[in-house]
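Q: Based on what follows, work out the 3D shape:
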Amino acid sequence: MALPKRRHSNSRTAKRRTHWKLDAPSVGHCPNCDQPKMPHRACPNCGYYKDRMVFIPKES
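A: Prediction:
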């Protein structure tokens, strides 16, 4: 197995890691109540997913 002969500098390591950024999560809107929600998940506000109720949300 190959081993590095010299240590990578901090700037070289940072250049390699520049693309390790987090992306903002995509947010859609619930067609039932128009509240923001994550795609492919039940709406936490009204409890609907694809035009049917999946769970009853808690009152807060």
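Q: List the contacts of the residue nearest to Cys30 when sequence neighbours are not counted.
A: Residue nearest to Cys30 in three dimensions, not counting chain neighbours: Cys43, with 4.1 Å by Cβ to Cβ, 6 or more residues apart in numbering. The C-beta positions use only the backbone N, C-alpha and C, and glycine is treated the same way. Counting by Cβ atoms under 8 Å, 6 or more residues apart in numbering, Cys43 makes contact with Cys30, Asn32, Cys33, Gln35, Lys37, Tyr49.
Q: out of those, who's nearest Asn10?
A: Ranked by distance to Asn10 (Cβ to Cβ), the contacts of Cys43 are led by Lys37 at 41.3 Å.
Q: re the thing from before, which among the contacts of Cys43 count as buried?
A: Buried by 16 or more other Cβ atoms under 10 Å: Cys30, Asn32, Lys37, Tyr49, out of those.
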